[in-house]
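> Structure of the sequence below:
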Amino acid sequence: MIGHPFARKSICGLVVVMLFCLPAICAAQTVQIDKAKTLVLARERYYNLKKLGLSEVKAAIQPNWDLLLEGINVAPGTMTTLNNLHFWISIDSADQLRLSHDGKGIPSNQVEGVEKIFRGMNASMTGFLSTWSIFLLTSPFPAPESVYTIEQRSNGFRFSQRQGELDVTIDTDHEFAITEIRAVAIDRTHSLKPVFEKTPAGLVLTGYAASSQRSDGGGNTTVQAWLEYETVGGLQLLHKVKLDTVFQGLPAKFEWAFADYQVKMR
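Here you go, the predicted model:
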């Protein structure tokens with residue numbers, strides 16, 4: 001019963017333009033790109049907590065249960081039970097994510113439901129942080145020692161790489177701000193369109209629209225995310241996250257507030 005919400009839970013005028021642009025396009029295609037230098041420039045454009053000295057971080061998480069349960073008839077006492085749950089998230093020096101919880105005082109007949117809530121929280125939080133960490137802890141671009149290609153295009157750059165069974169492309173503008181990441185598999189296509197804020201220390205992820213579509217048209221998933229930050233020890237860390245999701249046709253909304261940060265620097 002308590003876990004139920006989680007179960008609910010990318011022609012003349014045109015010809016003239018093309019003719020005038022064609023020489024420039026052809027010229028751009030012949031430009032030799034210094035792959036290593038271009039990759040370094042792209043990776044350096046982004047705000048990176050590790051490069052700024054972050055080693056480990058831990059924070060308390062408060063879910064917005066009212067938003068999650070909006071429109072749902074819950075049993076008496078449910079909100080009291082939920083508000084007695086406490087969650088913490090930690091990321092260690094090896095970028096390993098851990099989500100822990102404390103449900104002291106939960107009646108024995110509600111323990112199973114609480115564990116379902118924890119599993120739901122763990123799945124949604126892990127999914128979000130796996131995306132967030134790519135931009136702020138590691139890098140969305142290929143590793144320097146890996147095999148990849150870079151294509152200079154009229155509107156920016158395209159980085160391409162084979163990762164296991166996925167063909168991954170990253171499109172950017174001329175300043176290496178990513179406009180879309182696409183990962184194509186045999187039976188599914190994933191798309192991520194991020195939104196950034198420019199800061200003196202680099203681009204900070206403030207939102208994204210993500211989708212996963214199966215080739216047969218079924219089982220599609222979409223996520224719209226909004227991120228807010230706060231300054232902790234001179235670092236930009238998450239303050240609030242809102243997700244508007246649709247999983248296999250079932251909508252769900254999440255909101256998490258982050259507080260009580262414990263930060264360890266190198």
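> can you give me the helices for the stretch 101-250 of the chain?
Counting by DSSP state H, counting those that start in this stretch, the stretch 101-250 of the chain has helices at residues 111-136.
> Can you pull the poorly scored residue ranges out of it?
Within the stretch 101-250 of the chain, the ranges that satisfy pLDDT under 70 run 105.
> same thing but at 90, please
Where the stretch 101-250 of the chain drops to pLDDT under 90, the residues are 101-127, 214-220, 247-250.
> average model confidence for stretch 73-91?
The pLDDT scores in stretch 73-91 average 82.
> What are the buried residues along it?
78, 81-82, 85, 87, 89, 91 (16 or more other C-beta atoms under 10 Å). For every residue, glycine as well, the C-beta is placed using N, CA and C.
> what does stretch 40-54 give?
Buried, per 16+ other C-beta under 10 Å, within stretch 40-54: 42-43, 45-49, 52, 54.
> Could you do stretch 120-130 as well?
Applying a neighbour-count criterion of 16+ other C-beta under 10 Å, one finds 120-122, 124-125, 128-129 buried in stretch 120-130.
> next one: stretch 95-111
For stretch 95-111, by 16+ other C-beta under 10 Å, it's 99, 103, 106, 110.
> Repeat that for stretch 222-233.
Neighbour-count burial for stretch 222-233 flags 222-223, 225, 227, 229, 232 (criterion: 16+ other C-beta under 10 Å).
> Show residues contacting it.
If you take C-beta atoms under 8 Å, 6 or more residues apart in numbering as the criterion, stretch 222-233 is touched by 10, 128, 131-132, 204-212, 236-246, 258, 261, 263, 265.
> from memory residue 46 sits against residue 138, does it?
No - look at residue 46 against residue 138 with C-beta atoms under 8 Å: they stay out of range, at 9.8 Å.
> for the stretch 101-250 of the chain, what spans make up the strands?
Counting by DSSP state E, counting those that start in this stretch, the stretch 101-250 of the chain has these strands, from start to end: 149-153, 156-163, 166-172, 178-184, 188-199, 202-214, 221-232, 235-247, 250-265.
> OK, contacts around residue 57?
Residues in contact with residue 57 (C-beta under 8 Å, 6+ apart) are 49, 90-91, 237, 261-264.
> The same query, at a cut-off of 10 Å, please.
49, 89-92, 137, 232-233, 235, 237-238, 258, 261-265 (C-beta atoms under 10 Å, 6 or more residues apart in numbering).
> Report the secondary structure element holding it.
If you go by DSSP states H and E, residue 57 is part of strand 54-63.
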